[in-house]
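Enquirer: missing the sequence, but the structure's below:
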């Protein structure tokens, strides 16, 4: 089972928040679009947090940042494990 992860838990792990102005998204949802992620440049991996489902996905990227592989993280401990493993 996938555990829901809250934003503040990821902020403590140095996840970044990138906001974007998307008028269509804002009109539909009432708030600006944003992504919350942690990019591990050395290994070219990225964690991405879905703000609607509160789930985190780990992705292996190629040089152009296309997704090669992905894995849903089951809980916060698994996220911490992969951060340590891949840094």
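Expert: Sure, I can see it. These numbers come from a predicted model, not from an experiment. Numbering: from 1, shown residues only.
Enquirer: run through the helices of this structure in chain order.
Expert: Listed in chain order, the helices of the chain (DSSP state H) span 7-11, 23-29, 76-86.
Enquirer: reformat those as TSV; add mean pLDDT.
Expert: Below are those laid out as TSV (pLDDT from 0 to 100):
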stretch	mean pLDDT
helix 7-11	95
helix 23-29	89
helix 76-86	96
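Enquirer: please name whichever of these is nearest to residue 37.
Expert: Closest approach to residue 37 among these is made by helix 7-11 (9.0 Å; C-beta to C-beta). Using the backbone N, CA and C atoms, a C-beta is placed for each residue, glycine as well.
Enquirer: quick one: contacts of the closest one?
Expert: Here helix 7-11 makes contact (C-beta atoms under 8 Å, 6 or more residues apart in numbering) with 17, 36, 38, 49, 51, 56, 76, 79.
Enquirer: filter those residues down to just the ones in strands.
Expert: If you go by DSSP state E, the contacts of helix 7-11 have 17, 36, 38, 49, 56 in strands.
Enquirer: my guess is the second one meets residue 51, correct?
Expert: Yes - in this structure, residue 36 is within contact of residue 51 by C-beta atoms under 8 Å, at 6.6 Å.
Enquirer: looking at these two now, which is surrounded by more residues?
Expert: residue 36 (18 against 14; other C-beta atoms under 10 Å).
Enquirer: what's the distance between that one and residue 54?
Expert: Distance, residue 36 to residue 54, by C-beta to C-beta, to the nearest Å: 10 Å.
Enquirer: and if you look at residue 82?
Expert: Look at residue 82 and residue 54: by C-beta to C-beta, they are 18 Å apart.
Enquirer: quick one: which of the two has more around it?
Expert: residue 82 (18 against 15).
Enquirer: neighbours of the nearest residue to that one once chain neighbours are set aside, just the number please.
Expert: The shortest distance from residue 82 to any non-neighbouring residue, by C-beta to C-beta, 6 or more residues apart in numbering, is to residue 58 (5.8 Å). The local packing of residue 58 (other C-beta under 10 Å) involves 20 other residues.
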